[in-house]
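In: Quick one, structure for this:
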Amino acid sequence: MRKRSRRTWATAPGAVVLLAVVGACGTSPVSPGGETASRSAAPVSAPESAVRTSAGAAELITVPDVSGLNHQQAQDTMQAAGLYNLREVDGKGLGRMLVVDSNWVQVAQDPPAGTKVTAGTVITLTAIKYTDR
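Out: The predicted model follows:
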């Protein structure tokens with residue numbers, strides 16, 4: 001009979017943990033009745049400016065006006081309206097990343113405020129640093 005090395009025994013627990021993690025990633029929680037439990041987030045109410053109307057199969061959202069807000073507030077306002085596909089641009093054209101959102105002020109947006117769009121529409125938020133004024 002062949003002896004197992006210490007290396008084999010040391011590797012085995014790691015393999016078990018790896019399999020457990022991989023197995024857990026692909027499973028859904030199951031309730032005692034055998035049904036898959038669904039997770040739902042609490043609904044977020046949109047501000048008054050985010051008026052939603054039905055247009056065929058696509059639901060239209062009115063783009064809120066975020067001009068003059070700091071970038072963090074602008075993002076929060078767009079997301080509260082149901083618009084999550086946000087792109088941010090340095091308004092000075094220097095290609096700077098907007099790292100600390102509250103240090104930037106909104107100077108433009110595309111599409112403009114009041115436009116009716118679908119939820120997946122890309123909204124471009126253009127901002128400059130407060131120190132750029």
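
In: tell me which residues in stretch 115-126 are buried?
Out: Under the neighbour-count criterion of 16 or more other Cβ atoms under 10 Å, stretch 115-126 has 117, 123, 125-126 buried. C-beta here means a position set from N, CA and C on the backbone, and glycine is covered the same way.

In: same check, this time on stretch 93-112
Out: Within stretch 93-112, the residues that qualify as buried are 98, 101, 104-107, 109, counting by 16+ other Cβ under 10 Å.

In: again with stretch 125-133
Out: So, applying 16+ other Cβ under 10 Å, buried residues of stretch 125-133: 125-129.

In: can you redo those as a markdown table with distance to D76 and secondary structure?
Out: Below are the buried residues of stretch 125-133 laid out as a markdown table (distance: Cβ to Cβ, whole Å; DSSP: H, G, I helix; E, B strand; the rest coil):
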| residue | distance to D76 | secondary structure |
| --- | --- | --- |
| L125 | 12 | strand |
| T126 | 17 | strand |
| A127 | 14 | strand |
| I128 | 19 | strand |
| K129 | 19 | strand |
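
In: I'd like to know how many residues surround V66.
Out: By other Cβ atoms under 10 Å, the residues close to V66 number 23.

In: just checking, it touches Q109?
Out: Yes. Between V66 and Q109 there is a contact at 5.9 Å, judged by Cβ atoms under 8 Å.
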